[in-house]
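Asker: just the structure for this:
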Amino acid sequence: MTPLITLSAAAAAIDGRNVDTDQIIPARFLKADRGQPGGYGRYLFHDVRRDAQGNESAQFVLNQPRFRSPGILVAEHNFGCGSSREGAVYALADCGVRAVIAPSFGDIFFNNCLKNGLLPLRLDEHSVAALIYQLHHADDPAQTQVDIDLESQTVRWQPPGGAAPAIHAFDIDPFWRECLMKGVDEVELTLSYLDQIGEFESRYLAEHPWINTR
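Answerer: This is a model prediction of the structure:
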């Protein structure tokens, strides 16, 4: 996985509460070969992005030229609810999304994001609503850019009209913060501490020889 320390990217707003994993990627695509060009990203939001004939809907945000390749999605309450399919996270990642900002997430989706190098960032409802409104009415590409700093645990964007930048702190579990910043999952992070683990075992067994069964 690619480390995520800072991210400055265009953001796109996904409307609607309780957007579930079947909307993110319909179940019938989960047997597709992810190794093909575009991976699961080919099917991201397929059934709301395309009509019955497979044509793109001009109204759907990700079909609009300036929002085709967002690095960040901004969503409403309970994003990623529903089934536990990890393919929902694959579809987002394969489209280049590295973070999703929302007031709340489906629990399994939230954990799947962290395990696959994608940041699920919780912000209060008022701040998210303000950002969604700004993205819907942006007349300048600069107004769609969002900056995330995982080291300082802050997210920032520039409101229109010369207002001061909106800067918000967010919480993240220290373990997953380290994983994201190093670009590793929990197994890889554990393996990176093998020398320290070995040193501890040697010291512990020397201090407690009666438990040494070797």
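Asker: all contacts plus neighbour counts: C-alpha atoms, from now on.
Answerer: Noted.
Asker: tell me which helix or strand comes right after the lowest-mean-pLDDT helix or strand in the chain.
Answerer: Sorted by mean pLDDT, DSSP states H and E, the helices and strands of the chain end with helix 186-191, the least confident at a mean of 84. Downstream of helix 186-191, the next assigned helix or strand under DSSP states H and E is helix 194-207.
Asker: show me how far that next one is from its chain's centre.
Answerer: Centroid separation for helix 194-207 versus its chain: 36 Å, with CA atoms, centre = their mean, to the nearest Å.
Asker: buried ones in the least confident helix or strand of the chain, by neighbour count?
Answerer: Leu189 (16 or more other CA atoms under 10 Å).
Asker: just stretch 10-28 next, same as before
Answerer: Neighbour-count burial for stretch 10-28 flags 10-14, 18-26 (criterion: 16+ other CA under 10 Å).
Asker: quick one: end-to-end distance for that stretch.
Answerer: 30 Å (CA to CA, to the nearest Å).
Asker: average pLDDT for it, rounded please.
Answerer: Across stretch 10-28, the average pLDDT comes to 97.
Asker: list the contacts of the closest residue to Gln23 other than its chain neighbours.
Answerer: For Gln23, ignoring the flanking residues on the chain, the nearest one in space by CA to CA, 6 or more residues apart in numbering is Phe45 at 5.6 Å. Applying CA atoms under 8 Å, 6 or more residues apart in numbering to Phe45 gives the contacts 23-26.
Asker: just the pLDDT for Phe45.
Answerer: 97.
Asker: if I look at it, how far off is Asn116?
Answerer: Counting by CA to CA, the gap from Phe45 to Asn116 is 19 Å.
Asker: got phi/psi on the residue nearest to Gln23?
Answerer: Dihedral pair for Phe45: phi 50, psi 30, per degrees, to the nearest 10.
Asker: from Ala75, how far off is it?
Answerer: In terms of CA to CA, Phe45 sits 13 Å off from Ala75.
Asker: rewinding a little: could you dump the contacts of Phe45 into CSV and include secondary structure and distance to Gln153?
Answerer: Converted to CSV, the contacts of Phe45 look like this (DSSP: H, G, I helix; E, B strand; the rest coil; distance: CA to CA, whole Å):
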residue, secondary structure, distance to Gln153
Gln23, helix, 29
Ile24, helix, 27
Ile25, coil, 29
Pro26, coil, 33
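Asker: for the residues you listed, which one is nearest Asp171?
Answerer: Of all the contacts of Phe45, Ile24 has the smallest distance to Asp171: 24.9 Å, by CA to CA.
Asker: what's that closest one in contact with, if anything?
Answerer: 44-46, 80, 88, 91.
Asker: counting contacts, what elements does the strand ranked longest in the chain pack onto?
Answerer: Using DSSP state E to define each element, the chain has its longest strand at strand 6-14. Packing partners of strand 6-14 (3 or more CA pairs under 8 Å, 6 or more residues apart in numbering; DSSP states H and E): strand 72-75, helix 125-137, strand 145-149.
Asker: again, only using 10 Å
Answerer: strand 72-75, strand 99-102, helix 125-137, strand 145-149, strand 154-157 (3 or more CA pairs under 10 Å, 6 or more residues apart in numbering; DSSP states H and E).
Asker: paired strands for the last one, with orientation please.
Answerer: Paired strands of strand 154-157, with direction, are strand 145-149 (antiparallel), strand 166-169 (antiparallel) (DSSP bridges).
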